[in-house]
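Participant: Okay, predicted coordinates and the sequence, questions at the end:
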Amino acid sequence: MRTEFPEIAKSFLKIATVVLIAASSLPAQTQKTYEFTVEYNVPVKMRDGVTLRADIYRPKTDEKLPVLLTRTPYDKSKTWITPFAHVAAARGYVVILQDVRGRYESEGEWYPFKHEGEDGYDTIEWAGSLPYSNGKVGMFGGSYVGATQMLAALTKPPHLTAICPTVTASNYHENWTYQGGAFEQWFNQSWSSGLVENTEMRRWNSLKTAMEGMNELPLTNYSPLKPDAGGLAPYYLDWLAHPSYDGYWKQWSIEDHYGQIQVPVFTVAAWYDIFLGGSLRNFVRLQTEGGTDAARKGQKLYVGTGGHAGGWGGKIGAVDFGDKALLDPDLLMLRWYDHLLKGEANGAENDKPVKIFVMGKNVWRDEDAWPLARAQATKYFLHSHGAANGLSGDGALSVIAPVNEERDTYNYDPADATPTIGGPLCCAALPPGPGPQDQRPAEARNDVLVFTTPAFSQELEVTGPISAELFVSSSAVDTDFTAKLVDVWPNGFAQNLTDGILRMRYRKSAEKPELMNPGEIYKITVDMWATSNVFLPGHKLRLEISSSDFPRFDRNLNTGDEQASATKMVKATSMIFHDKDHPSALVLPVIAAAKP
């Protein structure tokens, strides 16, 4: 019995759980139902002679039918994926589930991203040429399985008709392995640690590893993945060896090659998902940079609640978004594919391109575009008398620009880093859990600056990309700055909405690091990705600023040393300026209330 990385399996099971509802949700009077057979471990020969294996769910009919394909490193036989295969096959699709190279029943060596383009092309062309295929192939799946779709689409396989990448990234340096120059430690170590179990089983059939050693330095010495662990995850060490956006990453970058994508893309994202930034970037840029009219005009975007951080809601983390939040993206995808691959006139062609869940009001809304054209970029300026430290400090936010104000100062100690509390987490358990969580324990710290508006008397909707424009300095040659948007409830519960981080050596460029001059003032922009939230009457809007979010991101040791091998720590005194000449601000996309 296989028991590989149960926490990762649980994460993907949460993403796919609502599929179990699908069979009973399909309108029986309009959908023809097929019986189907399953053929296991069908060999598919790649161009270099390596054999990959796939399970084929084939409806019992003489009709030629479209193919829905997924290529996964997570075991094609797992229950997180097979329920969807049953639903789609019964709906009239040939469903193919394939283990990617070097995973489970497929031959070859596993290395993330490396072979997904060519292997994807060869598999798509094989699937589209099957005697019972109508020649149209669509793809589906989330996270890394979304990467297998995007990388295959770049190779322009003739039989590929559309893809549906769910909660996935656009650039495997930024928004997979690093963010803002900081190493995504929790994801990189937990994901890689889970994957090595199958790698070890294929070689020696014995490995027991635990999620431990997050505090180990240097990062290259993380126990389950260090070099003397048998070379089970060489890619982890390669990731650490390439902290800048260089040729290693560019060979697999999606966003540098959108023009090679020829097909429509249905992007599924989630507000609390670890890959939200990349998913939104894919949608926005494909509309203008896609390689064909079909790719540019055929974009769809769905943004739900949790993704990796708890599935598709109602309850995500500590917040219950209600029953309305449970809108199955797989059913929307199947409706979309019914139109594209079967030619059904089901109305999908008339749907607006964007569907988002608006938190706070907890409602779904269809939109013509993302970002919303009617959003007004509004600056909420930082204010204090120089004592914004912690929840009891005097930090404030308002739309009034500052004049003469004292700077705020805090001390960041890497040995006592500000802890991660919720947010976009994957792929192992981290108390108190992922998604929205109460941020007050972090706000009680003296190394967290807290800026808050008065309670709102009427609704304020914030929907779209968010950033923090900050004027900063530090005693260190390198440090991090974090920014977090929070919705404060009348009872004090501080709900995190979205956040960002910037490693100062990458303030100018992800490709060429440049250390700071201690004491010099720099203007920086912290990309906080995006959200859609209505701040209800009685709620407050809050910005938290600090220098760590550990262990989600690695600790900046403040020395300027290479982060992969560094062990020496120094404390940093950091400053946030907010005066007439240095108007630090939170930039929000505010949606004006509709006029009666």
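Facilitator: All right, it came through fine. Numbering: from 1, shown residues only.
Participant: Return the distance of stretch 404-414 from the chain's centre.
Facilitator: Mean-position distance between stretch 404-414 and its chain equals 31 Å (C-alpha atoms, centre = their mean, to the nearest Å).
Participant: Begin at 179 from now on, thanks
Facilitator: I'll keep to 179 as the first residue from here, and by that count the last item is stretch 582-592.
Participant: Okay, buried residues for that stretch please.
Facilitator: 583, 585-586, 588, 590-592 (16 or more other C-beta atoms under 10 Å). Backbone N, C-alpha and C define where each C-beta goes, glycine included.
Participant: for stretch 319-338, same thing?
Facilitator: For stretch 319-338, the neighbour count (16+ other C-beta under 10 Å) marks 319-333, 335, 337-338 as buried.
Participant: For the protein, name the helix or strand with the lowest mean pLDDT.
Facilitator: Counting by mean pLDDT, DSSP states H and E, the chain has its least confident helix or strand at helix 197-203, which shows a mean of 35.
Participant: now Tyr558, what's its secondary structure?
Facilitator: strand (DSSP: H, G, I helix; E, B strand; the rest coil).
Participant: Please apply the same query to the one 5 residues further on.
Facilitator: Classification of His563 by three-state DSSP places it in coil.
Participant: what's the answer for Asp300, then?
Facilitator: helix.
Participant: Is it in contact with Met224, as I believe?
Facilitator: Yes - with contacts counted by C-beta atoms under 8 Å, Asp300 reaches Met224, the gap being 5.1 Å.
Participant: Closest one of the buried residues of stretch 582-592 to Val228?
Facilitator: Nearest to Val228, judged by C-beta to C-beta, of the buried residues of stretch 582-592 is Pro592 at 44.0 Å.
Participant: Quick check: closest non-adjacent residue to the residue nearest the centre of the chain.
Facilitator: The residue lying closest to the centre of the chain (C-alpha atoms, centre = their mean) is Phe453, at 1.0 Å. Excluding the flanking residues, the one nearest Phe453 by C-beta to C-beta, 6 or more residues apart in numbering is Ala347, at 4.6 Å.
Participant: and the one you found, what does it touch?
Facilitator: The contact partners of Ala347, by C-beta atoms under 8 Å, 6 or more residues apart in numbering, come to 324-325, 353-354, 432, 453, 455-457.
Participant: List phi and psi for the residue lying closest to Gly670 once chain neighbours are set aside.
Facilitator: Leaving aside its sequence neighbours, Gly670 sits nearest to Arg618 (C-beta to C-beta, 6+ apart; 6.8 Å). Arg618 has phi and psi values of phi -60, psi -30 when expressed as degrees, to the nearest 10.
Participant: Parallel or antiparallel, which strands does the helix or strand following the least confident helix or strand of the chain pair with?
Facilitator: Going down the chain from helix 197-203, the next helix or strand is strand 214-223, by DSSP states H and E. In the sheet, strand 214-223 lines up against strand 229-237 (antiparallel) (DSSP bridges).
Participant: In the stretch 429-578 of the chain, mark out all the strands, start to finish.
Facilitator: Along the stretch 429-578 of the chain, counting by DSSP state E, counting those that start in this stretch, strands occupy 444-448, 478-482, 493-494, 497-498, 532-536, 541-545, 553-561, 574-576.
Participant: Would you point to the one among those strands that's packed deepest?
Facilitator: Ranked by mean neighbour count, the strands of the stretch 429-578 of the chain are led by strand 444-448 with a mean of 27 (mean count of other C-beta atoms under 10 Å).
Participant: Glu522 versus the residue lying farthest from the centre of the chain, what's the distance?
Facilitator: Here the chain reaches farthest from its C-alpha mean at Asp240, the gap being 40.8 Å by C-alpha atoms, centre = their mean. Distance, Asp240 to Glu522, by C-beta to C-beta, to the nearest Å: 20 Å.
Participant: The stretch 279-428 of the chain: helices as residue ranges?
Facilitator: Here the stretch 279-428 of the chain has its helices, by DSSP state H, counting those that start in this stretch, at 294-306, 322-331, 363-381, 412-419, 425-428.
Participant: between those, which gets the lowest average pLDDT?
Facilitator: Among these, helix 363-381 has the lowest mean pLDDT, at a mean of 78.
Participant: Tell me, how many residues neighbour Leu504?
Facilitator: Using other C-beta atoms under 10 Å, Leu504 has 17 other residues around it.
Participant: How much space separates it from Ser370?
Facilitator: 32 Å.
Participant: Likewise for Gln363?
Facilitator: 11 Å.
Participant: Only the buried residues of stretch 600-615, if you could.
Facilitator: 600-606, 608, 611-615.
Participant: possible to save those residues as JSON lines with pLDDT, secondary structure and distance to Trp707?
Facilitator: Converted to JSON lines, the buried residues of stretch 600-615 look like this (pLDDT from 0 to 100; DSSP: H, G, I helix; E, B strand; the rest coil; distance: C-beta to C-beta, whole Å):
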{"residue": "Gly600", "pLDDT": "96", "secondary structure": "coil", "distance to Trp707": "15"}
{"residue": "Gly601", "pLDDT": "96", "secondary structure": "strand", "distance to Trp707": "11"}
{"residue": "Pro602", "pLDDT": "96", "secondary structure": "coil", "distance to Trp707": "9"}
{"residue": "Leu603", "pLDDT": "94", "secondary structure": "coil", "distance to Trp707": "14"}
{"residue": "Cys604", "pLDDT": "91", "secondary structure": "coil", "distance to Trp707": "15"}
{"residue": "Cys605", "pLDDT": "85", "secondary structure": "coil", "distance to Trp707": "19"}
{"residue": "Ala606", "pLDDT": "78", "secondary structure": "coil", "distance to Trp707": "22"}
{"residue": "Leu608", "pLDDT": "86", "secondary structure": "coil", "distance to Trp707": "20"}
{"residue": "Gly611", "pLDDT": "92", "secondary structure": "coil", "distance to Trp707": "20"}
{"residue": "Pro612", "pLDDT": "95", "secondary structure": "coil", "distance to Trp707": "15"}
{"residue": "Gly613", "pLDDT": "95", "secondary structure": "strand", "distance to Trp707": "14"}
{"residue": "Pro614", "pLDDT": "97", "secondary structure": "coil", "distance to Trp707": "15"}
{"residue": "Gln615", "pLDDT": "98", "secondary structure": "coil", "distance to Trp707": "17"}
